[in-house]
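In: Provided below for reference: sequence and predicted model.
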Amino acid sequence: MDETELALNRARWDEVAESHRLSYDTQALIDQPDRISEQVAADAELLAPWLPGGSVAGLDLIHLQCHIGHDSLGWARLGARVTGLDMSAESLRVARELAAQAGIAAEFVQSTIARAGEALAGRSFDLVYTSVGVLCWLDDLDGWAKLIAQLLRPGGLFLVRDDHPMAAALDETAPPGELRLGWPYFNVGPISEESTADYSSATPLVNAKTWEWAHSLGETIGALLRAGLIIRDYQEYQSLPWRRLEWMEPADDGWRYALPRAVRDRCPLEFSLIATKAG
Ligand SMILES: C[S@@+](CC[C@H](N)C(=O)[O-])C[C@H]1O[C@@H](n2cnc3c(N)ncnc32)[C@H](O)[C@@H]1O
């Protein structure tokens, strides 16, 4: 990733950090001492069979690309010692404020994924977590996977949950009900996107241009295997926590979105993968 691509992406994430404070229901996190996000609740359940005593309590957890720390703070509420890492200074400013307002202890480190090894200076963790809208911002998945292997202690656990690359390839301009491919499934290098819209706010964004990367499942899974990680679980889902296509419908669980029933079984929307580092 060159410096221009990185700077544009960082500017976008810095710009949206403050509006995400409102759209992420952060007030509930502050007001309700036992509140955690639906995402963290679901992922804690997914991880439970792999965790000592079924819980993250007492574990050192790093949340990569933690954004405003909404989910990082949820993991801390479940008893993990949490470090959140993100390249966006504004996101981390909001994350630190939220932690203080909610009275939750968590550390936030500013770094790109590419530089995270240096930024964390030899630290290691029991659990590496990253989820929802993360892989498309990274150009080098081999570097990402090596970082995860480096950060994990022997026997440590890794969970990634993200948009399924088939869902990412869907054409958002297709008419309602029509599944049409409009974006690459495979990594073709940086893809420039130009949009003043953000899922959180009606106000047009100033930083419209971003650079993203498509990653096939083969690329993601291959990178993790080449880094020496052992894949323990892989799942695909018919819903997503955001409205990838305008005509998606609220899913049965009430907090995610799914394709209309007529085409729901045609395309996976999200995947999760659990891996471990050999003990
Ligand atoms: C979609 S958000 C993640 C949202 C998170 N799942 C949540 O719900 O809060 C993507 C995050 O990745 C961060 N990011 C993008 N590229 C990055 C990079 N190369 N290194 C580190 N962080 C990066 C952005 O700053 C942003 O906070």
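Out: On my side now, so go ahead. Numbers count the residues shown, from 1 in each chain.
In: I'd like to know how far the closest residue to the ligand within the stretch 1-150 of the chain sits from residue 23.
Out: The minimum distance from the stretch 1-150 of the chain to the ligand, using Cβ to the nearest ligand atom, falls at residue 133 (2.8 Å). Every residue, glycine included, has its C-beta placed from N, CA and C. Going from residue 133 to residue 23 by Cβ to Cβ, to the nearest Å gives 13 Å.
In: From the chain's centroid, how far away is stretch 30-38?
Out: Chain-centre distance of stretch 30-38: 19 Å, with Cα atoms, centre = their mean, to the nearest Å.
In: Restrict it to CA atoms and write it as CSV.
Out: Provided in CSV are the C-alpha atoms of stretch 30-38 (Å, rounded to 0.1, in the frame of the first residue of the first chain):
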residue,chain,number,x,y,z
ILE,A,30,-22.0,4.0,28.9
ASP,A,31,-25.4,3.8,30.6
GLN,A,32,-25.7,0.1,31.1
PRO,A,33,-22.8,-1.5,33.1
ASP,A,34,-23.4,-5.0,31.6
ARG,A,35,-24.1,-3.9,28.0
ILE,A,36,-22.0,-5.6,25.3
SER,A,37,-22.6,-5.4,21.5
GLU,A,38,-24.6,-8.1,19.8
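In: quick one, what contacts the residue of the stretch 1-150 of the chain closest to the ligand?
Out: 65, 162, 163, 242 (Cβ atoms under 8 Å, 6 or more residues apart in numbering).
In: I'd like to know which of those is nearest to the ligand.
Out: residue 65 (3.5 Å).
In: Which pLDDT does the model give the residue in the stretch 151-279 of the chain that the ligand sits nearest to?
Out: Nearest to the ligand, among the residues of the stretch 151-279 of the chain, is residue 241, at 7.9 Å (Cβ to the nearest ligand atom). Looking at residue 241, its pLDDT reads 95.
In: count of residues packed around the residue nearest to it when sequence neighbours are not counted?
Out: Distances taken as Cβ to Cβ, 6 or more residues apart in numbering place residue 256 nearest to residue 241, at 5.2 Å, with adjacent residues excluded. Neighbour count of residue 256, defined by other Cβ atoms under 10 Å: 21.
In: Check whether residue 256 really touches residue 244, as I assumed.
Out: No - using Cβ atoms under 8 Å as the test, residue 256 is too far from residue 244 to be in contact (10.8 Å).
In: how near is residue 145 to residue 120?
Out: For residue 145, the distance to residue 120 - Cβ to Cβ - is 16 Å.
In: Between those two, tell me which one has more neighbours.
Out: Each of residue 145 and residue 120 has its neighbours counted (other Cβ under 10 Å); residue 145 has more, 23 against 18.
In: Tell me who's in contact with that one.
Out: Counting by Cβ under 8 Å, 6+ apart, residue 145 makes contact with 223, 224, 226, 227, 229.
In: got a pLDDT number for it?
Out: Model confidence at residue 145 (pLDDT) stands at 98.
In: before we move on, what SS does it have?
Out: helix (DSSP: H, G, I helix; E, B strand; the rest coil).
In: contacting residues around the residue nearest to residue 146 when sequence neighbours are not counted?
Out: Nearest non-adjacent residue to residue 146, counting by Cβ to Cβ, 6+ apart: residue 227, 5.0 Å away. For residue 227, the contact set (Cβ under 8 Å, 6+ apart) comprises 142, 145, 146, 148, 149.
In: Okay, and the beta partners of residue 108?
Out: residue 84 (DSSP bridges).
In: Can you report how many residues lie near it?
Out: 22.
In: And it, how close does it get to residue 149?
Out: Where residue 149 is concerned, residue 108 sits at a distance of 23 Å (Cβ to Cβ).
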